[in-house]
Structures are given as C-alpha cells and as structure tokens.
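Asker: Turn this into a structure:
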Amino acid sequence: MTIWTFEEAREYLEKTAPPGKSIYGLGRISHLLDLLGHPEKEFINVTIAGTNGKGSTLAFLDSLLRAHGITVACHVKPHLESVTERIRLHGKDSTEKEFASALFEVKQAVETGWSRDDDPTYFELIFAAFLCAARKSGVGVVILEAGLGGRLDAVNAVDADLVILASIDFDHTELLGNTLEEITLEKIVIARKGSTVVCQKNPENVIRTVEKFCEETGVRLVIAESGTFLDDMELGLKGPYQHMNACLAFHALEALAEIHPGLFARGSSHKFFEKGFNEARLPGRWEELTDQRTGKKFILDGGHNRAGLESVLNHYRGLYQDKGGGTIIFALKKSKDVDSVLPMLPRSAKNIILTKLTWPESYSPDQMACDLDRLSSIDPELSRGPSKINVFKADSIKKGIEIANDVSDSDIPVLVTGSLYLVGEARSELMNGI
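Answerer: Numbering: from 1, shown residues only. Okay, here's the model as predicted:
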C-alpha cells in the first residue's frame with residue numbers, strides 16, 4: 001500500500017499546478033470527473049453562488065443539516081491557514097491524512113488516464129479531491145461553494161439539485177460583466193432544468209434577471225423572504241448581516257426537504273433549528289481573537305469588495321465610533337478595485353494600518369497610502385492629519401499587529417479586514433503567538 005504524506009501532497013500541488021494561475025473552462029474538470037468515475041453522482045448536491053455571504057450561508061446550512069442528523073461534506077473557498085480547510089467532512093476540516101489520501105486518488109487518475117494537452121489547475125485538483133473524500137466518507141449531501149462567478153467555475157461541472165443564490169454585487173467585473181444583470185447571469189447559469197433555486201432578497205434588477213432565467217429554463221424559484229422564525233434563535237456567526245445569511249440557509253433547508261423528503265427521516269423540530277443556528281462556525285467572519293502577548297482584542301472579518309467591506313465597516317463603526325474610533329488593519333489583492341473601497345476606511349476608524357499579503361500579489365502599503373492622498377484631494381471628507389486620521393504602513397501582518405498594539409485604544413478591538421488571505425495570516429499570528 002502506497003503511503004503519501006501531506007507534505008508530498010502539498011508539494012505535488014505546488015509543482016504541478018501552482019496556485020494563483022486562473023485558467024477558466026469546464027473541459028479539464030469534466031475529464032477529471034470521468035477518470036474518477038463521477039463521484040459527484042453519489043450524493044445530493046447543493047451549490048452556493050453569489051458575491052457576498054456564500055461562506056456564511058454554507059456554514060449555517062451545513063450546521064442545520066447536521067443538526068437534523070444528515071451527513072454533510074462542504075467544499076469551502078478560500079482556505080485561511082491550511083489547504084485542508086477546503087475539504088470539510090461531518091463539520092470538521094479534513095485531516096492532513098484525509099486530504100493527502102483524496103489528492104493521491106486524483107493524482108493516480110491523472111497519471112494513468114489524462115489525455116488532454118492542458119493540465120488540471122490547482123483549484124480543479126482540490127475540487128476533485130474533495131469529491132473523492134466526500135465519496136469515501138459516505139456523506140448524503142455535499143455543499144459546494146462557487147468561486148469566481150459560476151458559469152466557468154469547476155462546480156458547474158456538477159449538476160446541483162439545489163442552487164442557492166446569495167447577495168449579488170459588483171466584483172470581478174473584468175470577467176463577469178459590468179452590470180448586475182450580467183453578473184447575475186454568470187452565477188445563476190449553474191442551475192439546470194428541473195432543479196430549484198433559492199434566491200436571497202437582492203436589488204430588483206437582479207431578481208428580475210433570476211426570474212426570467214428560471215422561467216425560460218424550467219427552474220423552480222424560491223425567494224428567501226425574511227420572517228420572525230429567527231427572532232429567538234442565537235446565531236453562531238456574529239454580525240447583523242448574518243441574519244440575512246441564516247434566513248437564506250433556512251429557506252434552502254426547507255426547499256431541500258421538499259426535493260428530498262427522505263433525507264429528513266428524523267423529522268424536524270425547533271430544537272434542531274436552535275442547535276443548527278447556534279453551532280454554525282466559520283473562522284474569519286467577525287471572529288474575535290486575543291493577542292496572548294498583550295491581551296489586545298482583534299476582530300477578523302474579510303471584506304474584499306465594496307458591498308462586503310461596507311457591511312463590515314458599518315457594524316464596526318456602529319459599535320465603536322462613539323468611543324473615539326478604532327483601528328483597522330487592511331490589505332487587498334491586486335486584482336481588486338482598491339479605489340472603490342479605500343474611501344470607506346478613514347470614515348470608519350482613526351488609525352488605518354495598511355499592509356500587504358504574503359500571497360497572492362497585493363497592493364503595496366505605499367501605493368495605498370498614495371491612493372488615499374489622491375482620493376483625499378478629490379473628497380474633502382477624506383482629508384487626514386494628526387488630529388483626524390492616522391495612517392501607518394506595515395510590510396507584514398506581524399508588523400501591522402505590533403503597530404496596532406501600540407496605537408489602538410485598550411478598550412476598542414482592532415479590526416483586520418480586506419482580503420480573506422490577510423484574515424488568514426492574522427489568524428495564524430494571533431493563534432500561534434507573535
């Protein structure tokens with residue numbers, strides 16, 4: 001029996017398909033699923049697409065299903081600290097052994113049967129490994145999180161029984177389109193004839209686009225209306241915007257029960273919902289951690305596009321602005337629209353610490369500081385000085401945390417936001433000590 005270590009698996013990924021190289025299309029993943037004997041056909045498939053809220057909705061639905069006694073595997077994007085987070089089995093991240101074993105199965109399939117000129121990408125190899133791990137663990141339901149868009153994402157190679165459409169906003173416009181209608185179509189197209197779509201409340205033009213698509217393609221549509229059923233539920237994920245994601249997960253669960261009533265052999269009860277909502281967990285989403293060296297509290301929550309960052313900053317500002325303002329550590333991937341999000345930072349805290357990512361390529365602190373100066377000349381409200389906003393530059397998250405410990409008020413937590421990759425780096429520093 002061949003034993004493949006996690007270190008060997010990680011080395012194989014990095015050498016065979018280095019992360020960060022995006023090549024879109026479904027040909028490679030479809031071929032790979034053929035070679036693996038189509039593991040995706042062995043479970044009920046749920047796919048979540050959208051701009052913001054996908055991860056939180058996934059976490060709520062996963063927890064709700066497991067509270068009802070249903071076995072679940074989740075494909076999570078992106079990972080914060082370890083690639084093993086991308087494969088979640090029965091509510092837990094895969095172990096290094098489980099991850100390596102699943103990827104070894106994929107490696108064998110590629111080495112023995114690959115017949116295309118182009119090689120599978122990093123994300124495709126991991127997605128295929130997830131499906132192999134889910135098959136081996138014998139789960140009943142898999143929840144897939146679409147990455148960029150949906151039409152060209154690897155998850156679109158899987159026919160979903162249920163598609164969940166979360167919040168739609170502007171992001172990756174160079175690939176998805178310049179209007180909300182175009183972006184919506186790129187995401188909703190993963191729904192197949194005869195399937196069901198559960199759609200979050202969205203702008204009217206988004207809803208119209210979804211309704212037209214569903215009518216033309218024979219897809220059943222459910223709009224997730226808000227209700228009072230969550231009023232007495234304690235949510236395991238914090239932040240006022242989580243109520244919307246929990247509501248979406250609730251309606252998705254109801255739709256799944258209609259599609260596959262046999263799943264819910266134990267029935268349903270208020271107790272199951274209480275447990276499911278309360279035990280939902282998702283690292284890096286309004287997660288509170290303490291720097292063990294200083295006792296300083298930090299809040300970690302990614303906001304990599306305008307809508308996502310606005311939600312995070314509004315909540316932070318509402319909690320702490322009356323106490324004199326807070327401190328924000330911020331970094332952003334180079335592929336994001338920095339001009340659309342930078343103006344929100346000075347309005348939300350008195351100390352702004354600009355830093356950079358270890359990986360992938362990000363805007364430099366110097367460049368973002370210059371951009372803030374440029375934007376300040378356009379918008380007088382952004383003018384900053386010693387009496388208003390203090391801007392610091394850090395060449396790493398470690399240095400950013402050190403600066404935050406020195407300059408922030410003792411009773412106001414520091415917010416780490418922007419790229420989820422930054423959140424992951426901060427989490428590692430805070431959890432493992434500086």
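
Asker: Which parts of the protein are strands?
Answerer: Chain-ordered strands for the chain, with DSSP state E as the definition, fall at 44-49, 72-75, 87-89, 92-93, 141-145, 162-165, 196-200, 220-224, 287-290, 297-300, 327-331, 351-354, 390-393, 414-418.

Asker: could those strands be laid out in JSON lines, adding distance to residue 255?
Answerer: (Glycine included, C-beta is placed from N, CA and C.) Putting these into JSON lines (distance: least, C-beta to C-beta, whole Å) gives the following:
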{"stretch": "strand 44-49", "distance to residue 255": "9"}
{"stretch": "strand 72-75", "distance to residue 255": "16"}
{"stretch": "strand 87-89", "distance to residue 255": "22"}
{"stretch": "strand 92-93", "distance to residue 255": "26"}
{"stretch": "strand 141-145", "distance to residue 255": "13"}
{"stretch": "strand 162-165", "distance to residue 255": "6"}
{"stretch": "strand 196-200", "distance to residue 255": "5"}
{"stretch": "strand 220-224", "distance to residue 255": "5"}
{"stretch": "strand 287-290", "distance to residue 255": "29"}
{"stretch": "strand 297-300", "distance to residue 255": "32"}
{"stretch": "strand 327-331", "distance to residue 255": "38"}
{"stretch": "strand 351-354", "distance to residue 255": "43"}
{"stretch": "strand 390-393", "distance to residue 255": "47"}
{"stretch": "strand 414-418", "distance to residue 255": "32"}
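
Asker: can you put those strands in a markdown table and add mean pLDDT?
Answerer: Written out in a markdown table, the entries for the strands of the chain read as follows (pLDDT from 0 to 100):
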| stretch | mean pLDDT |
| --- | --- |
| strand 44-49 | 97 |
| strand 72-75 | 98 |
| strand 87-89 | 98 |
| strand 92-93 | 98 |
| strand 141-145 | 97 |
| strand 162-165 | 98 |
| strand 196-200 | 97 |
| strand 220-224 | 96 |
| strand 287-290 | 95 |
| strand 297-300 | 97 |
| strand 327-331 | 97 |
| strand 351-354 | 96 |
| strand 390-393 | 95 |
| strand 414-418 | 97 |
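
Asker: Please name whichever of those is nearest to residue 308.
Answerer: Each of the strands of the chain was scored for nearness to residue 308 using C-beta to C-beta, and the closest is strand 414-418 (9.0 Å).

Asker: Now render the strands of the chain as TSV, adding distance to residue 233 and mean neighbour count.
Answerer: Formatted as TSV, these follow (distance: least, C-beta to C-beta, whole Å; neighbours: other C-beta atoms under 10 Å):
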stretch	distance to residue 233	mean neighbour count
strand 44-49	20	26
strand 72-75	20	26
strand 87-89	22	24
strand 92-93	23	15
strand 141-145	20	26
strand 162-165	19	30
strand 196-200	18	25
strand 220-224	15	18
strand 287-290	20	16
strand 297-300	22	22
strand 327-331	30	28
strand 351-354	35	24
strand 390-393	40	18
strand 414-418	26	29
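
Asker: which one of the ones you listed lies closest to residue 366?
Answerer: Of all these, it is strand 390-393 that lies closest to residue 366, at 6.5 Å by C-beta to C-beta.

Asker: partner strands of the closest one, parallel or antiparallel?
Answerer: Note on strand 390-393: by DSSP bridges, its sheet partners are strand 351-354 (parallel).

Asker: pull the CA atoms of the strand it pairs with into CSV?
Answerer: The C-alpha coordinates for strand 351-354 follow below in CSV (Å, rounded to 0.1, in the frame of the first residue of the first chain):
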residue,chain,number,x,y,z
ASN,A,351,-6.0,54.6,12.9
ILE,A,352,-5.5,52.9,9.5
ILE,A,353,-2.7,50.4,9.2
LEU,A,354,-2.0,49.5,5.5
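
Asker: which regions of this protein sit below the pLDDT cut-off?
Answerer: Counting by pLDDT under 70, the ranges of the chain that qualify are 1-2, 20-22, 172-175, 376-387, 433-434.

Asker: Mark out where each domain of this structure begins and ends.
Answerer: 6-278, 287-432 (automatic domain parsing).

Asker: If you drop the residues flanking it in sequence, what lies closest to residue 211?
Answerer: Excluding its sequence neighbours, the residue lying closest to residue 211 (C-beta to C-beta, 6 or more residues apart in numbering) is residue 221, at 6.4 Å.

Asker: Would you mark the buried spots in stretch 337-351?
Answerer: Neighbour-count burial for stretch 337-351 flags 337, 338, 341, 342, 343, 344, 345, 346, 348, 349, 350, 351 (criterion: 16 or more other C-beta atoms under 10 Å).

Asker: Stretch 132-152 now?
Answerer: When burial is assessed from 16+ other C-beta under 10 Å, stretch 132-152 yields the following buried residues: 132-135, 137, 139-152.

Asker: Give me the subset of the residues you listed that lies in helices.
Answerer: Taking DSSP state H, the ones among the buried residues of stretch 132-152 that sit in helices are 132, 133, 134, 135, 137.

Asker: which one of the residues you listed sits closest to residue 178?
Answerer: Residue 178 lies nearest to residue 134 out of those, by C-beta to C-beta, at 36.4 Å.
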